[in-house]
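**Student:** sequence and predicted structure below; questions after.
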Amino acid sequence: MQILSIGRDATNQIVINDTMVSRQHAQLTILDNGQVLLKDLGSSNGTFINGNRITESFLQKGDIVKCGSSFLDWTNYLSNGQTNISNNESKKFNFEIEKNSFSNFSGSIDVSSLKHEKESIYYIVKLIFSSLIWLIIASFLIVPFFLSSFIGFRYFLATGISSLMVLAFIIGLVALFIWLTSLYFKAIIYGNSVKVNVNQYPQLYKILVEQCQRLGLSKIPDLFIFNSNGMVNAVAISFYSKKYVLLMSSLVDLMLSNDRNDEIAMIIGHELGHHAAGHNSFWKNFFLKPASVIPFLSKAYSRACELTADRIGLVLTNNVNASQRALVALALGSERLSKSSNISEFIQQETEISDLMGFINKLFSSHPRTTKRVVEITSYANKIKIS
């Protein structure tokens, strides 16, 4: 039996130089019969197998291990590569890739550099306006408490503390409601959809894991496929720190019908891009909520966020044609016709839209027109020289 300690401290047999990794983070035990046991040693940021946090678990061939925010190619530490690790029959997708490809991946993406210019502008406007509103709200809540100290301690006890208690009670109710909503959503999605993981549609899970690593997402969002009854779309959702990506079944069929993996990778990358760029951050959106009273601003910000996510999907796939076809497929929805779509003709449709009606349509839309998205992504690909 061989025991290997994992952690940030130099005394460990496996040293990971990452502040998200504890000094004594985890332990890898290679048993005499070839089985490998991974045990978390009470780390602050957790040990994960295939995106699931574990306390202690046996590893199987193809399992993806992450300590804190760092991926660990644990097969590197097996003597001569000889183990009795189950291969889960031949159905499991082969995740064994070249040595150190997870720990030394060089294709990391700077998400901030991909943000659409308009997103940054709209965000600053929303941030300034919302900050002012929150300052006004805070002044109404805090100033009376300070004034009460001049009136008398008894008055402060009678009004100040009771007001604080009411405020705390309201905040608690809101937090409870959101928590219960997240649990209800989980019950629906887990009970009526199919979760993608290393044993379930592993070719999609491989795309998910690799893209999360490149985007620097410390937690892999849960990826689900659900019966859309013909609808073609995908969505990214967050509840506090829990993240999800939902793919409609018709979308998956449409893009995998001819093994067009780059197209589905673009869609998954687009949704992960929303998470990586913080578009679905609960606290960020909560803070920016007061700016929703400004006419058309929130929809303009949403459209810009979509263009940012498109850019991220493009860079993740590094394939402009696949990215274009993925977007056209969303507008088309036809499996039979999708392969023969003429991208240039689709882009030409944008020129047929009158400026006035196009502007009015844009004002009331949370997403850019698909023709506009293809134009934007084509232009950006030329700018950063992706072919």
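**Tutor:** Nice, I can see it.

**Student:** quick check: the gap between Y184 and S112.
**Tutor:** Computed as Cβ to Cβ, to the nearest Å, the Y184 to S112 distance reads 34 Å. For glycine as for every other residue, the C-beta is placed from the backbone atoms N, C-alpha and C.

**Student:** my error: substitute L356 in the last question.
**Tutor:** Distance from L356 to S112, by Cβ to Cβ: 35 Å.

**Student:** ditto for Y201
**Tutor:** For Y201, the distance to S112 - Cβ to Cβ - is 31 Å.

**Student:** those two: who's more crowded?
**Tutor:** Using other Cβ atoms under 10 Å, the more surrounded residue of Y201 and S112 is Y201, with 19 against 11.

**Student:** and that one, what are its phi and psi?
**Tutor:** When quoted as degrees, to the nearest 10, the phi and psi of Y201 stand at phi 50, psi 60.

**Student:** could you look up the SS state of L223?
**Tutor:** Under DSSP: H, G, I helix; E, B strand; the rest coil, L223 falls in the strand class.

**Student:** list the contacts of it.
**Tutor:** Counting by Cβ atoms under 8 Å, 6 or more residues apart in numbering, L223 makes contact with 195-196, 204-205, 208, 244-247, 268.

**Student:** filter those residues down to just the buried residues.
**Tutor:** Among the contacts of L223, those buried by neighbour count (16 or more other Cβ atoms under 10 Å) are 196, 204-205, 208, 244-247, 268.

**Student:** least confident pick among the residues you listed?
**Tutor:** Lowest pLDDT among the buried ones among the contacts of L223: Y205, with 87.

**Student:** is it true that it touches V194?
**Tutor:** No - counting by Cβ atoms under 8 Å, Y205 stays clear of V194, with 11.8 Å between them.

**Student:** coming back round to it: from the contacts of L223, which is closest to D253?
**Tutor:** Ranked by distance to D253 (Cβ to Cβ), the contacts of L223 are led by L247 at 10.3 Å.

**Student:** is it fair to say the closest one lies in a strand?
**Tutor:** Yes - with three-state DSSP as the criterion, L247 is part of a strand.

**Student:** wouldn't it be in contact with A234 here?
**Tutor:** Yes - with contacts counted by Cβ under 8 Å, L247 reaches A234, the gap being 5.0 Å.

**Student:** and the next element down the chain from the helix or strand of the chain with the lowest mean pLDDT?
**Tutor:** In the chain, no helix or strand scores lower on mean pLDDT, DSSP states H and E than helix 153-155, which sits at a mean of 51. Remark: after helix 153-155, the chain's next helix or strand is helix 161-192, criterion DSSP states H and E.

**Student:** what separates that following helix from the chain centre, distance-wise?
**Tutor:** Put simply, helix 161-192 sits 22 Å off its chain's centre (Cα atoms, centre = their mean, to the nearest Å).

**Student:** quick one: Y380 and L314, what's the gap?
**Tutor:** In terms of Cβ to Cβ, Y380 sits 7 Å off from L314.

**Student:** who has more neighbours out of those two?
**Tutor:** L314 (28 against 19).

**Student:** quick check: closest non-adjacent residue to the more buried one.
**Tutor:** S323 (4.5 Å; Cβ to Cβ, 6 or more residues apart in numbering).

**Student:** for the helix or strand harbouring the one you found, name the packing helices and strands.
**Tutor:** Using DSSP H and E, the element containing S323 is helix 320-332. Under the contact criterion of 3 or more Cβ pairs under 8 Å, 6 or more residues apart in numbering; DSSP states H and E, helix 320-332 touches helix 249-256, helix 261-276, helix 297-317, helix 335-338, helix 343-348, helix 370-383.

**Student:** output that helix as PDB - backbone C-alpha positions only.
**Tutor:** The C-alpha trace of helix 320-332 is given here as PDB (Å, rounded to 0.1, in the frame of the first residue of the first chain):
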ATOM      1  CA  VAL A 320     -15.900  30.700 -36.500                       C
ATOM      2  CA  ASN A 321     -17.900  28.500 -38.900                       C
ATOM      3  CA  ALA A 322     -19.100  26.200 -36.100                       C
ATOM      4  CA  SER A 323     -20.000  29.200 -34.000                       C
ATOM      5  CA  GLN A 324     -22.000  30.800 -36.900                       C
ATOM      6  CA  ARG A 325     -23.800  27.500 -37.600                       C
ATOM      7  CA  ALA A 326     -24.700  27.000 -34.000                       C
ATOM      8  CA  LEU A 327     -26.400  30.400 -33.900                       C
ATOM      9  CA  VAL A 328     -28.100  29.900 -37.200                       C
ATOM     10  CA  ALA A 329     -29.300  26.500 -35.900                       C
ATOM     11  CA  LEU A 330     -31.000  28.300 -33.000                       C
ATOM     12  CA  ALA A 331     -33.000  30.400 -35.500                       C
ATOM     13  CA  LEU A 332     -33.700  27.600 -37.900                       C
END
